[in-house]
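1. Have a look at this prediction, sequence included:
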Amino acid sequence: MSLAILWLRRDLRLSDNPALAKALAAHARVLPVYIHAPDEEAPWQPGAATRWWLHHALADLAAQLDGRLLIRRGPSLETLCALVAESGAAAVYWNRLYEPAAIARDSEIKRALRAAGTDADSGNAALLFEPWTVHNRQDRPFRVFTPFWKQLLSIGLPHSPHAVPALADRLVTRAAFARLDGAALDELGLLPQIPWDAQMAATWQVSRAGAEARLDEFLATDVRHYAHGRDVPAADQVSRLSPYLHFGQLGPREVVAACRGHRQAAADFLRELGWREFAHHLLYHFPHTADAAMDARFDGFPWRDDDAQLQAWQRGATGVPLVDAGMRQLWATGWMHNRVRMIVASYLTKNLLLPWQAGARWFWDTLVDADLASNSLGWQWTAGCGADAAPYFRVFNPVLQGQKFDKAGAYVRRWVPEIAALPDNWLQRPWEAPDDALAAAGVCLGDDYPRPLVDLKASRQRALDAWATVK
DNA sequence: TGAAATGTTGGGGCG
DNA sequence: ACGCCCCAACATTTC
């Protein structure tokens, strides 16, 4: 009765899981293992919000596995070698990751396991197309999204999940599992010391069932209005699937499969899945872009350094309602609507002229869907320094964006309640409201709600002047 | 997946 | 009737 170790990382699902399928194809029993080794992902070890999510995702997976998920602390290679010795496993299977540090670690582990006589193999659970399988006519990686996406569509999106045989009676036996020494999930210290997660818990159902429910609900309702609905933060007609996809509680093939009946309506949504693929493509082929701009002109860009303003941005106290609303939604729920992400990122990198890396770091720590590839692409896109990025001079005006996409002010009123009584006309720009309107709304600027950190018009001009020095 | 500045057009008021 | 001005509405250019 041969045994295989299934090394789970960010593929926390039992369906559409090629590593699990490989394990079951070649071995009678499977021992599922999660190894906690955050230092190995340095300098991008998981942030606080993703650790919170991971805790609950692991708890859910352990429940699906009838309690037989073995949890240990790293280092990964030593832990795997020890487990092979203790369990008598003949092989280790996992699904691939694509961050530079993870690739280096996993390659070394595969080499070392094989050298020690243990079979080791990996699969693709996370992407529709792995980065090295797609290239342009010159045999080079893509740097522009549209041709990249066209090529994926012309190849054809994979629309059937990886088949996995039933696992139930092929888990490692309870007796064998009991002999292995595992850590309790709580010992990993993934949950916050101070309980800041109440609203997160109220917002998210961090489980496979939650992922399936979210996908079903999105496809049953919002996907039909996605093209426009996705622009309205208060309507929130978006999928919210990103954290599930990040941890692999849901696989991209499963998403594509579920969209099949909605092909036309889902086309715009699938395009966003394409951006996720593109992000991984870029990070794999240009691994420095997690930290440095793709566009080398930005190496000399005169970013400012202002901790007080960075902190005001982080806390949702810039004095610009839509920006503050987004930052507070992020802090409270671990997530921000994508249009608002672009707006707060534009505000940080252009109006405040602070480096996009500072914003990326904050998102990394606070987003439940923090993903190195998507986060790096998103920030470089908005900052104008990435591949196929918005040009630097494209500066969002958060007042106009609010008037366009939060017309009735529902989003701002929800997250910035202290100015909720202001009429629509002044809600997005309280600093221009006449005294009597402020008084009637019970708002004292600088007291109840901050005055703006910078003047939008002047700071826009300052950003354009800065750009002129390096372009 | 911008916004602002600048240019053009056409209707209406008016002398 | 006509030229002139104003200005909103739209289009184009620039950042």
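-> Cool, got the structure.

2. Break down the stretch 51-200 of chain A into its strands, ranges please.
-> Using DSSP state E, counting those that start in this stretch, the strands of the stretch 51-200 of chain A run over A:70-73, A:91-95, A:119-123.

3. which bits of chain A sit near DNA strand B?
-> For chain A, the residues in contact with DNA strand B (CB under 7 Å from any atom of the strand) are A:145, A:272, A:275, A:338-339, A:342, A:381, A:390, A:393-397, A:400-401, A:404, A:456-457, A:460. (C-beta placed from N, C-alpha, C; glycine too.)

4. Just name the most buried of the strands of the stretch 51-200 of chain A.
-> Per residue and on average, the most neighbours among the strands of the stretch 51-200 of chain A fall to strand A:91-95, with a mean of 25 (mean count of other CB atoms under 10 Å).

5. Can you name every helix or strand that it contacts?
-> If contacts are counted by 3 or more CB pairs under 8 Å, 6 or more residues apart in numbering; DSSP states H and E, strand A:91-95 sits against strand A:3-8, helix A:18-26, strand A:119-123.

6. Alpha carbons of that strand, in CSV - could you do that?
-> Taking C-alpha atoms only, strand A:91-95 is exported to CSV below (Å, rounded to 0.1, in the frame of the first residue of the first chain):
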residue,chain,number,x,y,z
ALA,A,91,6.6,10.3,-3.3
VAL,A,92,5.7,14.0,-2.8
TYR,A,93,3.3,15.9,-5.0
TRP,A,94,2.5,19.6,-5.1
ASN,A,95,1.2,22.3,-7.3
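
7. orientation of it relative to helix A:18-26 in degrees?
-> Calculated by axes from the mean of the first three to the mean of the last three CA atoms, to 10 degrees, strand A:91-95 forms an angle of 150 degrees with helix A:18-26.

8. circling back to that earlier point, pull out the buried residues from the residues of chain A next to DNA strand B.
-> A:145, A:272, A:275, A:338-339, A:342, A:381, A:390, A:395-397, A:401, A:456, A:460 (16 or more other CB atoms under 10 Å).

9. out of those residues, who's nearest DNA strand C?
-> Closest approach between these and DNA strand C, by CB to the nearest atom of the strand: A:V395, at 7.4 Å.

10. my read: the closest one touches A:A345, true?
-> No - contact status for A:V395 versus A:A345: not in contact, 11.2 Å apart, counting by CB atoms under 8 Å.

11. Spell out which residues of chain A are next to DNA strand C.
-> A:P391, A:F393, A:R394, A:L464, A:W467, A:A468.

12. And the fourth one, how close does it get to A:V395?
-> I take that to be A:L464. Using CB to CB, to the nearest Å, one gets 8 Å for the distance from A:L464 to A:V395.

13. Now list whatever residues contact both of these two.
-> Common neighbours of A:L464 and A:V395 are not found (criterion: CB atoms under 8 Å, 6 or more residues apart in numbering).

14. picking that back up, JSON lines for the helices and strands packed on strand A:91-95, including mean pLDDT?
-> Below are those laid out as JSON lines (pLDDT from 0 to 100):
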{"stretch": "strand A:3-8", "mean pLDDT": "98"}
{"stretch": "helix A:18-26", "mean pLDDT": "98"}
{"stretch": "strand A:119-123", "mean pLDDT": "98"}
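
15. Quick check: which of those is buried the most?
-> Most buried among these, counting by mean count of other CB under 10 Å: strand A:3-8, with a mean of 26.

16. Listing partners with orientation, what would you give for it?
-> Its sheet considered, strand A:3-8 pairs with strand A:29-36 (parallel), strand A:91-95 (parallel) by DSSP bridges.

17. Give me the angle between it and strand A:119-123.
-> Computed by the same axes, to 10 degrees, the angle separating strand A:3-8 from strand A:119-123 equals 40 degrees.

18. hmm, who's touching strand A:3-8?
-> A:19-20, A:23-24, A:26-35, A:61, A:69, A:76, A:80, A:83-84, A:87-94, A:172, A:176.

19. now swap in stretch A:166-185 and tell me
-> Stretch A:166-185 has contacts (CB under 8 Å, 6+ apart) with A:3, A:14, A:20, A:24, A:28-32, A:36, A:55, A:58-59, A:62, A:65-66, A:68, A:70-73, A:83, A:86-87.

20. Mind doing that once more with 7 Å?
-> Applying CB atoms under 7 Å, 6 or more residues apart in numbering, the external contacts of stretch A:166-185 come out as A:3, A:14, A:20, A:24, A:28-31, A:55, A:58-59, A:62, A:65-66, A:68, A:70-73, A:86-87.
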